[in-house]
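*Asks:* just a sequence and a predicted model for now, questions to come.
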Amino acid sequence: MNEPDFIAALRALPLHPGARGLSDDCAVIEVGTETLVITHDMMAEGVHFRPDADMADVAWKLVTTNLSDLAAKGAVPLGVLLGHTLGRDDARFIAGLREALEAFGTPLLGGDTIAAAGPRSLGLTAIGRASHTPVPSRSGAQAGDAVWLTGQVGRAMLGFEGAEEHRAAFDRPVPRLAEGQALAPHVTAMMDVSDGLLLDAFRLAEASGVTLALDPAAIPVADAARADQCIRWGDDYELLFTAPPSARLPIPAHRIGTVTDRADAPLTLGTETFGDPASLGYRHGDPSQNC
C-alpha cells in the first residue's frame, strides 16, 4: 500500500472522536478542563535522513517536526515520548535530543528503546496543551478567507543540496510554536508545511471542501529561479493558514491566495488547476523521493 491507501484502510477501524477522522496531523482530546493535542511522527534512515547524517541533527529534527504539528494547533508542548533504535553515534543522538528539549522547554516523558538489524527507524510522540479552543484544524477554511504563509519555502531544499546559508533550515528546523499560539484565535484552518506547499495546500482544501486559489507571484520562495521546486519540495515547517480578510493578524505573514467555493479542483496556482495530488509534493511510498 502507499500512504493514502493505508490511511484509508485505517479509517475503517474504530476511531476515537479526537482522531478527527485521521484527516489532521494531531489528535485532540478533552481531559477534565484541559484539551490535549497529541501527535506522532517517525523518521527512517535513508528516507528522512542520510546514513551518514549527524545523529545530533537527526534527534533535533525528530523533536522539532513533531513540535511543528503542535504549532499548527496553537498548542503549548508538555513533553515527548521517544521510540529509539540503537545504532551508531547514540551519544550524539542524546546530545541533539538534549539541545532540542532544552531549546523548546519540552521534557522527556519516557518511551522505548530497541536493537534491530538494517536501517534505523525513530519515532516521537509529542503531547501539548491547547492554548485556544476550538483547536485549529485543516477543515475550517471558508470561501472568502485569505490564504497566508508565515515564511519562505524552499530553504530546506537548498540546505539539503549543500547551500551553507540554508543548511540549518534542513538540519535544524525551528517549529513556529509562538506563531501558532498567537494565530490560533484568528484562523479558520491551519497546518504546517512539511510535504511541500502545493501538496499541503491541496490537503487543506480537500479537508475544508473548498478551493485554494494561490497566486504564484505572492509566494515567498528561497530561490526565484527554482520557484516550482521550492513550492513542492517540503520540509519547510512554515505555517499555512486561512483567515477572514478582516482578521487582524498578530504576526507578520504573507498573503498568498484566496479561498473560493469548491470549483473543479481543490487547488489552483495562477492559471494551473490541480485535481490530483500526485507529484505536488512528498508522498510516502514513492522510492524516487527518498533522500
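*Replies:* Alright, I've got the coordinates. Numbering: from 1, shown residues only.

*Asks:* for the longest helix along the chain, name the packing helices and strands.
*Replies:* For the chain, the helix reaching the highest residue count under DSSP state H is reported as helix 55-71. If you count contacts as 3 or more Cβ pairs under 8 Å, 6 or more residues apart in numbering; DSSP states H and E, helix 55-71 packs onto strand 34-44, strand 75-85, helix 90-103, strand 121-130, helix 167-171, helix 177-183, strand 189-192. In this view, the C-beta of every residue, glycine as well, is placed from N, C-alpha and C.

*Asks:* okay, the ones you listed in CSV with mean neighbour count, mean pLDDT and distance to Phe6 next?
*Replies:* Compiled in CSV, the helices and strands packed on helix 55-71 are given as follows (neighbours: other Cβ atoms under 10 Å; pLDDT from 0 to 100; distance: least, Cβ to Cβ, whole Å):
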stretch, mean neighbour count, mean pLDDT, distance to Phe6
strand 34-44, 19, 97, 13
strand 75-85, 20, 98, 19
helix 90-103, 17, 98, 28
strand 121-130, 22, 98, 16
helix 167-171, 19, 96, 27
helix 177-183, 21, 98, 28
strand 189-192, 26, 98, 20
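
*Asks:* coming back round to it: any idea of the mean pLDDT for the longest helix of the chain?
*Replies:* Average pLDDT, helix 55-71: 98.

*Asks:* tell me the angle that helix makes with strand 75-85.
*Replies:* Following axes from the mean of the first three to the mean of the last three Cα atoms, to 10 degrees, one obtains 140 degrees for the angle between helix 55-71 and strand 75-85.

*Asks:* surely Ala263 is in a helix?
*Replies:* No. Assessed with DSSP: H, G, I helix; E, B strand; the rest coil, Ala263 is coil; it does not lie in a helix.

*Asks:* per-residue confidence for it?
*Replies:* 91.

*Asks:* what lies in contact with stretch 88-108?
*Replies:* Here stretch 88-108 makes contact (Cβ atoms under 8 Å, 6 or more residues apart in numbering) with 54-60, 62-64, 67, 77-82, 84, 126, 175, 177.

*Asks:* just the CA coordinates of the helix or strand containing Glu30, formatted as PDB?
*Replies:* In the assignment (DSSP states H and E), Glu30 maps to strand 27-31. Extracted C-alpha coordinates of strand 27-31, given in PDB (Å, rounded to 0.1, in the frame of the first residue of the first chain):
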ATOM      1  CA  ALA A  27      -5.500  14.100  17.900                       C
ATOM      2  CA  VAL A  28      -7.400  16.500  20.100                       C
ATOM      3  CA  ILE A  29      -8.700  15.000  23.400                       C
ATOM      4  CA  GLU A  30     -10.500  16.800  26.200                       C
ATOM      5  CA  VAL A  31      -9.400  15.700  29.700                       C
END
